[in-house]
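S.K.: Pasted the sequence and its predicted model underneath.
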Amino acid sequence: MNQPPTIQFDGIARSEAAEEFVRSRVALLERHFADLMGCRVTLSKESRHGQPGGFFSARVAVTLPGRELTVSHAHEQDAHIALRDAFDAIRRRLEDGQQIRRGEVKHHDAVAHRDGEDAVGE
């Protein structure tokens, strides 16, 4: 990756454990996806409109040549779970893109319909 990951804390105190988790997950992504150019992570505490408490939200944005992928995940009680889920989702999106570029995606045959008849009730 061209630059180190950017980690931002919004509405919560900076956490060394969260930063270490982000760095370890970015390192895993770099090993599997060589074209990664950058990664921005935002961990925030969101409030519920007019209600006590709130939830943690994690946003992961990765930069690739010619595009950027972004995912967000939230969890009511645990910032670590929100981060984990966001990184799992971005990894799946990167894997899907890799499979499409390699031509490893299955294509479903079109279903032929007869004129004037429903395909469901036949």
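M.R.: Perfect, I can see it now.

S.K.: List of residues touching the lengthiest strand in the chain?
M.R.: Of all segments of type strand in the chain, defined using DSSP state E, the longest is strand 51-64. Here strand 51-64 makes contact (CB atoms under 8 Å, 6 or more residues apart in numbering) with 12, 29, 33, 35-48, 68-79, 81-83, 85-87, 89-90, 94, 97. Bear in mind the C-beta positions are built from the backbone N, C-alpha and C, glycine included.

S.K.: From these, list the buried ones, please.
M.R.: 29, 33, 36, 38-44, 71, 73-75, 79, 82-83, 85-87, 89-90, 94 (16 or more other CB atoms under 10 Å).

S.K.: Please narrow the residues you listed to those residing in helices.
M.R.: Residues of the buried ones among the contacts of strand 51-64 located in helices (DSSP state H): 29, 79, 82, 83, 85, 86, 87, 89, 90, 94.

S.K.: buried sites along the helix or strand bottoming out on mean pLDDT in the chain?
M.R.: Of all helical and strand segments in the chain, the minimum by mean pLDDT, DSSP states H and E falls on strand 51-64, at a mean of 86. For strand 51-64, the neighbour count (16+ other CB under 10 Å) marks 55, 56, 57, 58, 59, 60, 61, 62, 63 as buried.
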